[in-house]
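Chemist: Sharing a model that was predicted from the sequence below.
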Amino acid sequence: MRCRFRRLNYILFLSISLFLFYRIYNINPISLYSQSPFTLIHYQNNTYRILSSSFKHNSRGSYLNFAYFNVEQRNRVLYIDFLYDIPVSSQWQSDGHLYPIQIAQYGLSHWSRLELNSKNQQNKIYKFERLQPNKNNHCSSWHTIKDEIFLSNTYIHFTISSNCSLHFHFFSNNIELVYSTKTIHDLETLTKRIIPLKGSPRQASRYMLIDIEKLMRKTLVFRRDLIKIQICGDTQSSVTQLIIGNQTLYDQQAFYSATRWLLNNQDLQTGCWFIHVRRNYGHHTQYHLRNPWCSAMAQGQAASLLVRLYSLTNNKEHLLAIRRAIQPLWSSNLTRAYFNNRFLWLEEYPLESSTKGLFVLNGCLYALIGIIDANTIDYQPYLSELINQIIISLQHMLPYYVHPNISNWSLYDLSHITMKSKINTASYSYHLVHITLLQCLRQIFKKTNHSVSQLFDFYVQRFTSAIL
Ligand SMILES: *[C@@H]1O[C@H](CO)[C@@H](O)[C@H](O)[C@H]1NC(C)=O
Ligand SMILES: *[C@@H]1O[C@H](CO)[C@@H](O)[C@H](O)[C@H]1NC(C)=O
Ligand SMILES: *[C@@H]1O[C@H](CO)[C@@H](O)[C@H](O)[C@H]1NC(C)=O
Ligand SMILES: *[C@@H]1O[C@H](CO)[C@@H](O)[C@H](O)[C@H]1NC(C)=O
Ligand SMILES: *[C@@H]1O[C@H](CO)[C@@H](O)[C@H](O)[C@H]1NC(C)=O
Ligand SMILES: *[C@@H]1O[C@H](CO)[C@@H](O)[C@H](O)[C@H]1NC(C)=O
Ligand SMILES: *[C@@H]1O[C@H](CO)[C@@H](O)[C@H](O)[C@H]1NC(C)=O
């Protein structure tokens with residue numbers, strides 16, 4: 001009691017002195033005491049994050065505000081791939097494709113979560129060393145986890161042999177989720193879904209909540225549930241090291257899954273992660289993207305992700321993959337366009353005709369951050385030169401991204417200039433993306449080039465004045 005009283009006194013004293021302090025010096029207490037690298041923005045029932053003054057970009061650290069991205073939950077994610085455990089995108093191709101931008105973002109968001117949450121994992125974790133079918137029976141008996149588990153904590157990790165299936169029965173929600181490496185499948189029903197894991201034996205790292213939501217298209221009634229586990233297969237089959245509820249492990253594995261796919265699927269000659277989806281830009285039937293296309297944004301974000309991998313591994317192969325990722329940004333016109341035939345731009349969506357450009361703002365800024373990350377761990381004069389050229393382009397071009405009629409609002413691209421189309425006003429969320437990217441660049445150049453930092457600061461001020 002006494003102790004508590006003393007603390008109360010102390011807090012009271014502190015509050016009074018702080019009060020006086022602010023009164024006298026008129027310092028904004030929020031910015032002074034804001035330890036968080038993010039400023040929260042509430043808009044239409046959503047919470048967004050832009051960067052705060054305590055944010056520091058670090059090529060090895062968390063990436064922008066991506067720790068708060070939930071890539072796998074997005075509508076554009078069809079399901080989680082059965083071989084790589086990475087999201088399959090339905091953007092521009094409804095039956096799904098592996099989209100390098102989304103995969104890089106998936107990796108970056110899980111890396112960033114690890115950086116932010118590394119110290120405060122509280123979840124209860126369940127482990128099973130080894131599960132096997134009964135001697136004379138095709139299936140084991142059911143193992144019941146003794147506590148109810150929050151579905152938001154259904155991260156699972158296991159190694160499964162071939163010809164084997166691992167069954168999870170969610171008692172209250174009445175759902176059975178089966179991870180199977182068998183070639184002949186059981187029957188799926190309304191309450192039972194089979195996920196045909198490819199490659200076996202295989203280590204898998206999945207989030208059951210996402211598998212249920214994406215594959216069963218079911219809204220779950222109960223957010224916690226009793227879970228029973230069973231394994232089926234011949235007497236040789238087994239599931240080992242089954243771990244349930246370790247989010248840190250899931251974040252790590254998601255990061256590695258993304259980097260593994262990128263390392264295995266890079267075109268070694270060009271360095272591109274080519275995208276084979278044929279598409280026009282927006283409603284412009286006459287403007288086709290190159291086929292296949294190489295996105296500067298994919299190259300830049302993948303480079304940022306691989307820089308973080310390389311900081312862990314110091315593996316020469318990973319460094320070479322980073323150099324290749326950056327290659328199409330400087331050594332060819334695969335991802336480039338020139339504004340007014342003069343100002344170099346890195347295109348998120350490169351058009352077939354290299355004389356035409358869309359000049360999507362966020363894509364080029366993400367690419368720029370990727371180049372900066374690569375140049376930080378592997379300095380190259382030609383990258384510094386490239387950074388310089390892009391800054392010069394931004395100096396000339398940023399004024400065109402200010403909306404002519406909505407004060408201090410931003411534009412998504414410059415298609416109204418290059419294609420004479422309707423002005424492409426940034427959505428609310430893209431406007432915040434623009435602010436976040438410009439804030440990050442302002443911070444990056446703060447120490448090294450004051451005038452460049454001021455350039456970004458000018459647009460940060462303008463664009464934030466429209467939302468605050
Ligand atoms: C915000 O949430 C409330 C309550 O769920 C809902 O009525 C309202 O329509 C939502 N607003 C928007 C803009 O989504
Ligand atoms: C899996 O089952 C198939 C068909 O029964 C069999 O041909 C194959 O050898 C089995 N694989 C392993 C690794 O046991
Ligand atoms: C969860 O996984 C992480 C990463 O592999 C590991 O360091 C940690 O010890 C695990 N936590 C528990 C309680 O097993
Ligand atoms: C890229 O295109 C520009 C403008 O058309 C041209 O000047 C330049 O030589 C090209 N660069 C490469 C590497 O092809
Ligand atoms: C700052 O950056 C600009 C544009 O990239 C460049 O022209 C200038 O030389 C740089 N200044 C310094 C001091 O590095
Ligand atoms: C902007 O305002 C001008 C003048 O009022 C108008 O002619 C033009 O159509 C407006 N542009 C857009 C995109 O709303
Ligand atoms: C745009 O933002 C700047 C910087 O905050 C501000 O000075 C200016 O008044 C704003 N312009 C308009 C038209 O609101």
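Modeler: Great, that's in hand. Ligands and ions are numbered 1, 2, ... in the order given.
Chemist: When you work out contacts or count neighbours from here on, use the C-alpha atoms and nothing else.
Modeler: Fine.
Chemist: Can you give me the buried ones in stretch 95-106?
Modeler: Buried residues in stretch 95-106, counted by 16 or more other C-alpha atoms under 10 Å: 96-106.
Chemist: Reformat those as TSV; add distance to residue 160.
Modeler: Below are the buried residues of stretch 95-106 laid out as TSV (distance: C-alpha to C-alpha, whole Å):
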residue	distance to residue 160
96	26
97	25
98	24
99	27
100	27
101	30
102	27
103	24
104	27
105	28
106	24
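Chemist: With respect to ligand 3, which of those residues is nearest?
Modeler: residue 106 (17.9 Å; C-alpha to the nearest ligand atom).
Chemist: Tell me the spacing between that closest one and residue 175.
Modeler: Between residue 106 and residue 175 the distance is 27 Å, computed by C-alpha to C-alpha, to the nearest Å.
Chemist: next one: residue 78
Modeler: In terms of C-alpha to C-alpha, residue 78 sits 20 Å off from residue 175.
Chemist: do residue 226 as well
Modeler: When residue 226 is compared with residue 175 (using C-alpha to C-alpha), they lie 11 Å apart.
Chemist: What is the burial count for residue 373?
Modeler: 25 (other C-alpha atoms under 10 Å).
Chemist: so it touches residue 306, yeah?
Modeler: No - with contacts counted by C-alpha atoms under 8 Å, residue 373 stays clear of residue 306, the gap being 9.6 Å.
Chemist: residues contacting the residue of the chain found nearest ligand 5?
Modeler: Residue of the chain nearest ligand 5, by C-alpha to the nearest ligand atom: residue 388 (3.8 Å). Shown in contact with residue 388 (C-alpha atoms under 8 Å, 6 or more residues apart in numbering): no residues.
Chemist: and the helix or strand where it lies, what's its mean pLDDT?
Modeler: Assigned by DSSP states H and E, residue 388 belongs to helix 381-397. Averaging pLDDT along helix 381-397 gives 98.
Chemist: hang on, the earlier thing: so residue 226 and residue 175 - more neighbours on which side?
Modeler: Taking other C-alpha under 10 Å, residue 226 and residue 175 do not tie; residue 175 has more neighbours (20 against 17).
Chemist: Tell me what that one is bridged to.
Modeler: residue 170 (DSSP bridges).
Chemist: where does the spatially closest residue to residue 253 that is not a sequence neighbour sit relative to residue 442, distance-wise?
Modeler: Nearest residue to residue 253 in three dimensions, chain neighbours excluded: residue 205, at 6.5 Å (C-alpha to C-alpha, 6 or more residues apart in numbering). As defined by C-alpha to C-alpha, residue 205 lies at a distance of 37 Å from residue 442.
Chemist: what do you get for residue 36?
Modeler: With C-alpha to C-alpha as the criterion, residue 36 and residue 442 are 18 Å apart.
Chemist: So between these two, which is more surrounded?
Modeler: Higher neighbour count among residue 36 and residue 442: residue 442, with 24 against 13, using other C-alpha under 10 Å.
Chemist: which residues sit in contact with that one?
Modeler: 452-457.
Chemist: Narrow the residues you listed to those that are buried.
Modeler: Using 16+ other C-alpha under 10 Å as the threshold, 452-453, 455-457 are the buried ones among the contacts of residue 442.
Chemist: Overlap of the contact sets of residue 373 and residue 306?
Modeler: If you check residue 373 and residue 306 against C-alpha under 8 Å, 6+ apart, no residue is contacted by both.
Chemist: re the thing from before, between the contacts of residue 442, which is nearest residue 43?
Modeler: Proximity of the contacts of residue 442 to residue 43 was ranked by C-alpha to C-alpha; the top entry is residue 457 with 23.4 Å.
Chemist: Tell me which residues of stretch 268-281 come out buried.
Modeler: 270-275, 277, 279-280.
Chemist: I'd like to know which of those residues are part of strands.
Modeler: Secondary structure defined by DSSP state E assigns residue 280 of these to strands.
Chemist: So which of the buried residues of stretch 268-281 sits lowest on pLDDT?
Modeler: Within these, pLDDT is lowest for residue 280, at 80.
Chemist: Touching, that one and residue 286? I think so.
Modeler: Yes - counting by C-alpha under 8 Å, residue 286 is a contact partner of residue 280 at 7.4 Å.
Chemist: Can you give me the neighbour number for whichever residue of the stretch 301-450 of the chain sits closest to ligand 4?
Modeler: Going by C-alpha to the nearest ligand atom, ligand 4 is nearest to residue 332 of the stretch 301-450 of the chain, at 3.9 Å. Residue 332 has 10 neighbours, counted by other C-alpha under 10 Å.
Chemist: restrict the buried ones among the contacts of residue 442 to contacts with ligand 5.
Modeler: residue 452 (C-alpha under 6 Å from any ligand atom).
Chemist: out of the buried ones among the contacts of residue 442, which one sits closest to residue 297?
Modeler: residue 456 (19.4 Å).
Chemist: What backbone torsions are found at the closest one?
Modeler: phi -70, psi -40 (degrees, to the nearest 10).
Chemist: quick one: residue 235 is in a strand?
Modeler: No - per DSSP: H, G, I helix; E, B strand; the rest coil, residue 235 lies outside any strand segment and is coil.
Chemist: Please name the residues that touch the residue in the stretch 251-400 of the chain that ligand 3 sits nearest to.
Modeler: Residue nearest to ligand 3 within the stretch 251-400 of the chain (C-alpha to the nearest ligand atom): residue 252, separated by 6.9 Å. Residues in contact with residue 252, defined by C-alpha under 8 Å, 6+ apart, are 110-111, 114.
Chemist: Equivalent analysis for residue 65, please.
Modeler: So residue 65 contacts 38, 49-51 (C-alpha under 8 Å, 6+ apart).
Chemist: one more time with 7 Å, if that's ok
Modeler: residue 49 (C-alpha atoms under 7 Å, 6 or more residues apart in numbering).
Chemist: Check the spacing between it and residue 36 real quick.
Modeler: The value you get for residue 65 to residue 36, if C-alpha to C-alpha is used, is 11 Å.
Chemist: Residue 86 now?
Modeler: 30 Å.
Chemist: how about the helices in the stretch 251-400 of the chain?
Modeler: 296-313, 316-330, 361-377, 381-397 (DSSP state H, counting those that start in this stretch).
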